[in-house]
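1. Based on what follows, work out the 3D shape:
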Amino acid sequence: MHGRKKALTNIFEFTLFGLPSFVIWFSVVIIPFIYGLWITFTDWNGLALEINFIGIENYRHILTDAAFLGAFAKTVIYALFTVLLSNLLGFILALVVTSGIKGQNLFRTGFFTPNIIGGIILGYIWNFIFSFGLTKLGEITGISWMQTSWLTNPTRALMALIIVSAWQMSGYLMVIYIAGLTAVPAELMEAARVDGATTWQTVTQVKLPMIRGTIAICVFLSISRCFMSFDTNLSLTAGGPYKSTELIAYKIYQTAFTSMDFGEGQAQAIVLFVIVSIISLLQVYFTRKGRVDA
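-> Numbers count the residues shown, from 1 in each chain. Alright, predicted model coming up:
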C-alpha cells in the first residue's frame, strides 16, 4: 500500500513539474527533427504543396556534389587553423590573467568581451576594418599588401575569417582554461619552485599535464563551434569571393533558402548533425579518459 501511494505521488509530481517541460521539449526538438529527417527523402522546395518521395537521392547527390565537398574541405581547413590559434591564444591569455598581475580581473573582462558580441555584428565590424581601416593604413604607410581589402582575395579572405573567429573564441576558451589552471594543486606549484623549475618548465611539465581534461574540452568545443559557424561567415564574407569562404553551415543555408531546395539542404544539415555528434561523443570519451588517467 505504501509503495503504491509513493508511486502515485511520483507520477503526480512528474505530471505537475516534469510533463510540461517534456511536452515543450518534444514539440520543439523531437517533432521538428523527425519532420526534418523525413524532408531529406523528398524533393520539397519549401513552397510546393505536392511533395514527392525520392528515397536517398539527396544523400547520394550531396556526397558527390563538388560544391558541398568543397565547402566541407574549406570548413576542415578553417577549423584546423581556428582551433589551433584560438586554443593557443586562450591558453596564453589564461596564463597571463592567473599570474597575479595587477588588474587581472579587468583583463579577464576585456579578453572575454569579443565572445559576447554577436557574430553578425562582429562580422560587420571586421568587414569595415578589413575593407576600410587596413586599406587606409596601407595607403598611409605604403605597405602594398594592406592597400587592398583582404576580403577581395580568396586566400586572404579565408585567413581573415580564421583570424576573426580565433579572436572571438579565444576569450571563451580562456575562461575554461582559467578554471583548469586554478584547479592545479598549489603543492605541485610550490614543489616545482623549490626544485628550481623555470616558468617554461612549470607550464610544460606541471600545468599542461594537469589540465589534459580541460584541453580536451576546449579543443572539441572549438571544433564543434567551427563546424557550426554561420553568422560571422555570413556578415564578414558572405561566402565570397567566388565561394572561397563558403563554409558548410553557410552552404546549407544557400541550398535551402537561396536555391530553394529544402530536401537537399536538410540532408546536408543531417550530415552536419552527424559530424557534430561524432565530435561531441569524442569529446566525452577523451574528457573521461583524461580524468581516469589523471
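2. only C-alpha atoms for contact and neighbour calcs from this point on.
-> Will do.
3. Any stretches of the stretch 51-200 of the chain with poor pLDDT?
-> The stretch 51-200 of the chain contains no residues with pLDDT under 70.
4. go with 80
-> 100 (pLDDT under 80).
5. how about the helices of it, start to end?
-> Counting by DSSP state H, counting those that start in this stretch, the stretch 51-200 of the chain has these helices, from start to end: 57-62, 66-97, 104-116, 119-128, 134-141, 154-182, 186-194, 199-202.
6. Let's have the ones you listed in TSV, adding distance to F33 and mean neighbour count.
-> Listed next are these as TSV, based on distance: least, C-alpha to C-alpha, whole Å; neighbours: other C-alpha atoms under 10 Å:
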stretch	distance to F33	mean neighbour count
helix 57-62	17	16
helix 66-97	22	19
helix 104-116	28	15
helix 119-128	25	18
helix 134-141	44	15
helix 154-182	28	21
helix 186-194	48	12
helix 199-202	48	12
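7. what would those helices look like in CSV with distance to V219?
-> CSV is the format used below for the helices of the stretch 51-200 of the chain (distance: least, C-alpha to C-alpha, whole Å):
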stretch, distance to V219
helix 57-62, 28
helix 66-97, 7
helix 104-116, 16
helix 119-128, 20
helix 134-141, 31
helix 154-182, 9
helix 186-194, 25
helix 199-202, 22
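8. Which among those helices is found nearest to L234?
-> Ranking these by proximity to L234 (C-alpha to C-alpha) places helix 119-128 first, at 7.3 Å.
9. gap between the closest one and the chain center?
-> 17 Å (C-alpha atoms, centre = their mean, to the nearest Å).
10. which secondary structure elements does it contact?
-> helix 231-236 (3 or more C-alpha pairs under 8 Å, 6 or more residues apart in numbering; DSSP states H and E).
11. mind saving the C-alpha coords of the helix it packs on as PDB?
-> Extracted C-alpha coordinates of helix 231-236, given in PDB (Å, rounded to 0.1, in the frame of the first residue of the first chain):
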ATOM      1  CA  ASP A 231      26.700  34.200 -38.600                       C
ATOM      2  CA  THR A 232      30.300  35.500 -38.900                       C
ATOM      3  CA  ASN A 233      30.700  33.800 -42.200                       C
ATOM      4  CA  LEU A 234      27.500  35.500 -43.400                       C
ATOM      5  CA  SER A 235      28.300  39.000 -42.400                       C
ATOM      6  CA  LEU A 236      32.100  39.100 -42.900                       C
END
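12. other SSEs contacting the very next helix or strand once past that helix?
-> Heading C-terminal from helix 231-236, the first helix or strand you meet, by DSSP states H and E, is helix 248-253. Counting contacts by 3+ C-alpha pairs under 8 Å, 6+ apart, helix 248-253 packs against helix 66-97, helix 262-293.
13. now helix 248-253, how far from the chain's geometric center?
-> Taking mean C-alpha positions (C-alpha atoms, centre = their mean), helix 248-253 and its chain are 14 Å apart.
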